[in-house]
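Enquirer: What would the 3D arrangement of this be:
(chains A, B, C and D, ligands or ions: 4)
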2 protein chains.
Amino acid sequence: MKKEHRILADYLKQKGLKQTYQRFFILDKFLAAKRHLSADELHAMVREQNPKIGFSTVYRTLKLFTECGLAKEVNFGDGRARFERAIDRSQHGHLICANCGKAEEFTLGSVEKTIARIASRHGFKIERFRFKIYGLCKKCR
Amino acid sequence: MKKEHRILADYLKQKGLKQTYQRFFILDKFLAAKRHLSADELHAMVREQNPKIGFSTVYRTLKLFTECGLAKEVNFGDGRARFERAIDRSQHGHLICANCGKAEEFTLGSVEKTIARIASRHGFKIERFRFKIYGLCKKCR
DNA sequence: ACTATCATGATAGTGATACTCAAAATCAAT
DNA sequence: ATTGATTTTGAGTATCACTATCATGATAGT
Ligand SMILES: [Mn+2]
Ligand SMILES: [Mn+2]
Ligand SMILES: [Zn+2]
Ligand SMILES: [Zn+2]
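Expert: Ligands and ions are numbered 1, 2, ... in the order given. The predicted structure is shown next:
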């Protein structure tokens, strides 16, 4: 059994929720995608093989993934939430192209220490952070 | 005449747009506020003294301020755009409290150099960037 | 003052997200 | 395997911020 299936199964058990076919099917599709996906986009992928699964379920399941740490929600300023895998990945920021919309990733490295220092100075307890750079990518500039 | 009035007036002239009472009235209200304001919130402030001014005008005027560099749009993840003064202020990030919703600011300092380095490594032309830390503020933690 | 052009403000439209509920599925107990 | 309590699903609807439309009004150059 995949590590991610284990994580989801454990979370569901812990919360008294049910292990449904849909939840694990959507998880597999989600993990197979490399891009940052909106609920709409993932639903389109899901319904190719399984047209019965509704948008509501995909939408709710993405929120479930976010709750249990399997996914992270990101927002690139185009008015729709996107989701990305969050297991076995290092923290990263996004370079978002204003022209083609693509989001490149960059590792944060030393910035993470800076963030910790800033937070402690303000007495702020960090839950998560987002670092985005908007502009033009190599191709579009 | 206020510096900000000058900037707006110049921008309007340059673009062939008109100097209206509303635009400068809204600008004064905007500058007087210290918080990060949504269009709704600014409209509420504006209509206290001037109930004739409509939401559409406030909304469009905030976009105009953003175009001419008087304002910056920020998004704290609550599904509504907010705006802040952008003249004579240094770059800063935001510490956003998940409990009380307040947004503290922190100066970016050395992070700006890091950003420039990251961008050049990717051949990316920076237009603007956003650095947000979500968590719990001193009072709420 | 005249006229072209732009702005305003009320209204309606859009699209992503969130809620509702009847029918179906899950799962623990028998 | 059957039962029954509980959760989930999927379709439909509602909500909310934002955006577009357009008749009326204001601005600014002549
Ligand atoms: Mn990413
Ligand atoms: Mn700020
Ligand atoms: Zn691009
Ligand atoms: Zn707080």
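
Enquirer: Run through the residues that contact A:Cys100.
Expert: A:Cys137, A:Lys139, A:Cys140 (C-beta atoms under 8 Å, 6 or more residues apart in numbering or on different chains). (C-beta placed from N, C-alpha, C; glycine too.)

Enquirer: what about it, which helix or strand?
Expert: Assigned by DSSP states H and E, A:Cys100 falls within no helix or strand.

Enquirer: Then A:Glu73?
Expert: Applying DSSP H and E, one finds A:Glu73 within strand A:71-75.

Enquirer: Can that strand be said to contact DNA strand D?
Expert: No. Strand A:71-75 does not reach DNA strand D (C-beta under 7 Å from any atom of the strand); its nearest approach is 12.1 Å.

Enquirer: Pull the residues that contact that strand.
Expert: A:30, A:36, A:62, A:65-66, A:81-86, A:94, A:103, A:128, A:130, B:75, B:77.

Enquirer: Could you pull up phi and psi at A:Gly109?
Expert: Backbone torsions of A:Gly109, given as degrees, to the nearest 10, read phi 50, psi -120.

Enquirer: quick one: low-confidence parts of chain A?
Expert: Within chain A, no stretch has pLDDT under 70.

Enquirer: The same query, at a cut-off of 90, please.
Expert: Low-confidence segments of chain A (pLDDT under 90): A:1, A:34, A:109-110.

Enquirer: returning to that earlier point: ok and the strand holding A:Glu73 relative to strand B:71-75, angle-wise?
Expert: Strand A:71-75 and strand B:71-75 meet at an angle of 160 degrees, taking axes from the mean of the first three to the mean of the last three C-alpha atoms, to 10 degrees as the criterion.

Enquirer: Does ligand 1 have contacts with strand A:71-75?
Expert: No. Strand A:71-75 lies out of reach of ligand 1 by C-beta under 5 Å from the ion, never closer than 6.1 Å.

Enquirer: which parts of stretch A:21-38 are buried?
Expert: Neighbour counts over stretch A:21-38 (16 or more other C-beta atoms under 10 Å in any protein chain shown) mark A:Gln22, A:Arg23, A:Phe24, A:Phe25, A:Ile26, A:Leu27, A:Lys29, A:Phe30, A:Leu31, A:His36, A:Leu37, A:Ser38 as buried.

Enquirer: Among the residues you listed, which ones are in helices?
Expert: Counting by DSSP state H, the buried residues of stretch A:21-38 place A:Gln22, A:Arg23, A:Phe24, A:Phe25, A:Ile26, A:Leu27, A:Lys29, A:Phe30, A:Leu31 in helices.

Enquirer: Tell me how far the second one lies from A:Phe30.
Expert: Look at A:Arg23 and A:Phe30: by C-beta to C-beta, to the nearest Å, they are 10 Å apart.

Enquirer: Distance to ligand 1 for the buried residues of stretch A:21-38 - can I get that in CSV?
Expert: Formatted as CSV, the buried residues of stretch A:21-38 follow (distance: C-beta to the ion, whole Å):
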residue, distance to ligand 1
A:Gln22, 25
A:Arg23, 23
A:Phe24, 23
A:Phe25, 23
A:Ile26, 19
A:Leu27, 18
A:Lys29, 18
A:Phe30, 14
A:Leu31, 14
A:His36, 6
A:Leu37, 11
A:Ser38, 13
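
Enquirer: where along chain A do the strands fall?
Expert: Shown for chain A, the strands assigned by DSSP state E span residues A:37-38, A:71-75, A:81-85, A:92-97, A:103-107, A:125-136.

Enquirer: which bits of chain A sit near chain B?
Expert: Proximity of chain A to chain B (C-beta under 8 Å from any C-beta of the partner chain) is limited to residues A:75, A:77, A:93, A:95, A:97-98, A:104, A:106, A:110-111, A:114-115, A:118-119, A:121-138, A:141.

Enquirer: Just the buried ones from those, in PyMOL syntax?
Expert: A single PyMOL command selects the buried members of these (16+ other C-beta under 10 Å):
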select buried, chain A and resi 75+93+95+97+104+106+111+114+115+118+119+124+125+129+130+131+132+133+134+135+136+137
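
Enquirer: And chain A, what are its domain boundaries?
Expert: A:3-85, A:92-135 (automatic domain parsing).
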